[in-house]
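Q: Fold the stuff below for me.
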Amino acid sequence: MIATERILEGSRYARCIASSKRVRWDIDEDVIRGRHFDAAHKFLPDGLSLADAFTTLSPDEKRFVSQIQGRTYANIFGLVERFINAKVLELGRDHALGDQEAVEALVRFSDEELKHQALFRRVEAMVGEVLPDGYRFDIDPDAVARVVLGKCTWAVLVLTLDIELFTQAHYRQSIDPDAELSELYKDVFLYRWKEECQHAILDELELARQDATLMAEERDRAVDEFIELVAAVDGILKAQSAADAGYFVANCGRAVGADEARSIEAAFLAAYRWQYSDSGARHPHFAKVLSGLITESQGQRIQAALATLH
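A: Residues are numbered from 1 along each chain as shown. The predicted structure follows:
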């Protein structure tokens, strides 16, 4: 890397540090503020819950669906931030005896991810206080993290960039005017978004650094590992869609036939694929970054793999 490129890269780490300092927030003082969730409100906006896809449900039932999805949202992000933080700590060690701005930026990234995990644990518990008993999320975040971290860093960083970018899309959905949407959950989106913006920049910087170390055949294997990670995420979404559909059917207050139950499960899966896969893969910046790293045939392999998930 030439001197000018090192200076420009270093300045981006410095800008992330400045942004981290500027937007720093506290879970209790800024987000929760003594409030509680209210079952009279939706927890996720319609653009994320894909409420219109639940064609057989009443407005009240669609609100219940958004609340179930809101609880799963907290659990899924508590899960993905576990492996993201572990990888960020690993990346920080790469810079430990070199670029101290990069070290500080990544340490702040890690600290913020730990805070986000704590926030989502709070959200999950608070949502559980207002929903019926019987909800299940049986996926072990540490077990998932071990699988993810068993893949190469390039693949993990591409997945992480996807995640950081779709959280920005989620925030944009949450700011649409909707009197029925929980103000507390809207603030969860807002404050998390403030810190995820610089996280996406750091993901891109570290991905470029990793990519520069790869030979062509190593990058080709990394593409396959990214595809494997996407498939693994989809397996989690399928399992949770079945669990959440079953929970809805057991608690919606009316009899639900087998055909309708299958339709509800399919709608949950469509919503979760949109939230945790498609909204990132379709982000223009994700496509721009990824296309700049891979060949056309590798891109076609990724697109073909994504197509099999629908």
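Q: This structure: helices as residue ranges?
A: Applying DSSP state H to the chain gives helices spanning 3-23, 46-49, 59-95, 100-128, 141-149, 153-174, 183-211, 216-251, 258-273, 279-281, 284-291, 296-307.
Q: Do you know the pLDDT at the residue nearest to Lys62 when sequence neighbours are not counted?
A: Closest residue in space to Lys62, ignoring its immediate chain neighbours: Ala51 at 4.5 Å, by C-beta to C-beta, 6 or more residues apart in numbering. C-beta coordinates here come from the backbone N, C-alpha and C atoms, glycine included. We have a pLDDT of 94 for Ala51.
Q: Pull the number of nearby residues for the nearest residue to Ala222 once chain neighbours are set aside.
A: In this structure, Ala222 finds its nearest non-sequential neighbour in Trp154, 4.0 Å apart by C-beta to C-beta, 6+ apart. Other residues near Trp154 come to 22 when the count uses other C-beta atoms under 10 Å.
Q: unless I'm mixing things up, Trp154 is touching Gln210, no?
A: Yes. Counting by C-beta atoms under 8 Å, Trp154 touches Gln210, with 5.0 Å between them.
Q: ok, back up a step: show me the contacts for the residue nearest to Lys62.
A: Applying C-beta atoms under 8 Å, 6 or more residues apart in numbering, we find Ala51 in contact with 62, 65-66.
Q: again, 10 Å this time
A: Going by C-beta atoms under 10 Å, 6 or more residues apart in numbering, Ala51 touches 42, 44-45, 57, 59, 61-63, 65-66, 69, 267, 271.
Q: Show me which of those residues are buried.
A: Taking 16 or more other C-beta atoms under 10 Å as the criterion, what is buried in the contacts of Ala51 is 42, 44-45, 57, 61-63, 65-66, 69, 267, 271.
Q: hang on, the earlier thing: which neighbours do Trp154 and Gln210 share?
A: Residues touching both Trp154 and Gln210 (C-beta under 10 Å, 6+ apart): 219, 222, 293.
Q: From what I see, the second one and Gln210 are in contact.
A: Right, Ala222. Yes. Between Ala222 and Gln210 there is a contact at 8.8 Å, judged by C-beta atoms under 10 Å.
Q: For these two, work out which one has more neighbours and name it.
A: Counted by other C-beta under 10 Å, Ala222 and Gln210 do not tie: Ala222 has more neighbours, with 24 against 21.
Q: what's the pLDDT at the more buried one?
A: pLDDT, read off for Ala222, is 97.
Q: for it, what are its contacts?
A: So, once contact is read as C-beta under 10 Å, 6+ apart, Ala222 ends up touching 151-158, 210-211, 214, 293-294, 298.
Q: And for Ala305?
A: By C-beta under 10 Å, 6+ apart, the contact set of Ala305 is 223-224, 226-228, 230-231, 234.
Q: biggest separation within the residues you listed, which pair?
A: Using C-beta to C-beta, the contacts of Ala305 span at most 16.9 Å, a distance reached by Val223 and Asp234.
Q: which regions of the stretch 1-150 of the chain lie under the pLDDT threshold?
A: Scanning the stretch 1-150 of the chain for pLDDT under 70 picks out 1-10.
Q: Grab the most central residue of this protein for me.
A: What sits nearest the mean C-alpha location of the chain, by C-alpha atoms, centre = their mean, is Ile163, with 4.3 Å.
Q: how much space between it and His116?
A: For Ile163, the distance to His116 (C-beta to C-beta, to the nearest Å) stands at 11 Å.
Q: shared neighbours of these two, anything?
A: Counting by C-beta under 10 Å, 6+ apart, the residues touching both Ile163 and His116 are 77, 80-81, 84, 196, 199.
Q: before we move on, the earlier item: from the contacts of Ala51, which is closest to Pro177?
A: Taking C-beta to C-beta as the measure, Pro177 lies nearest Pro45 of the contacts of Ala51, at 10.1 Å.
Q: Over to the closest one: give its phi and psi.
A: phi -70, psi 160 (degrees, to the nearest 10).
Q: check contacts around the residue lying closest to it once chain neighbours are set aside.
A: Nearest non-adjacent residue to Pro45, counting by C-beta to C-beta, 6+ apart: Gln173, 4.8 Å away. By C-beta under 10 Å, 6+ apart, Gln173 lies in contact with 44-49, 181, 189, 275, 279.
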